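> Quick one: sequence plus predicted model below, questions after.
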Amino acid sequence: VHLAESGGGWVQSGGSLRLSCASSSLTDSGYAIGWFRRAPGKEREAVTCISATYGATFYADFAKGRFTVSRDRAKNMVSLQMDSLKPEDTGTYYCAYESGNLGCEVITHEDFGDYWGDGIPVTVSS
């Protein structure tokens, strides 16, 4: 499974970015996609998740109300719309693929992610 991330970049505080994670393996069901981020000098943290099988989603507290995860089945893609961005959202964002008919509770598992993208940088300036 190869995951290709795109859409990162630089934006001013309050702005928006849309990240995408594309793969031919993002079929109708049988997997969950998680988005994670790692800020400079900090541990990796889960941002959001979407379950392809159940349609369930998960958002970290800091993402609720600002970030939206969605699927585009026609494009085999999962996107992360990030609005009202803050400087503390700066970091490298990764999408991860976990195979199986899963809900998003599994994103909290340390071993989540059979496959990972290379990461894409997001910089939010104040």
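Thanks, I have the structure now.
> show me where the protein has strands.
Remark: strands assigned in the chain by DSSP state E are 4-6, 9-12, 17-22, 31-38, 44-51, 57-59, 67-72, 77-82, 91-99, 115-116, 120-125.
> Show me what the fourth one is packed up against.
Helices and strands touching strand 31-38, by 3 or more CB pairs under 8 Å, 6 or more residues apart in numbering; DSSP states H and E, are strand 17-22, strand 44-51, strand 67-72, strand 91-99. Bear in mind the C-beta positions are built from the backbone N, C-alpha and C, glycine included.
> Now do the longest one: everything it contacts.
By CB atoms under 8 Å, 6 or more residues apart in numbering, the residues outside strand 91-99 that reach it are 1, 3, 5, 8, 19, 21, 23, 25-26, 30-40, 42, 44, 47, 78, 80, 106-107, 112-122.
> Excluding chain neighbours, give the residue nearest to Tyr54 in space.
Leaving aside its chain neighbours, Tyr54 sits nearest to Gly103 (5.5 Å; criterion: CB to CB, 6 or more residues apart in numbering).
> Equivalent analysis for Ser125, please.
Using CB to CB, 6+ apart, the closest residue to Ser125 is Gln12 (5.5 Å).
> thought the one you found was touching Thr90?
No: Gln12 sits out of contact with Thr90 when judged by CB atoms under 8 Å, with a separation of 11.8 Å.
> Mind checking which of those two has more residues around it?
Thr90 (18 against 11; other CB atoms under 10 Å).
> Any figure for the gap between that one and Ser79?
20 Å (CB to CB, to the nearest Å).
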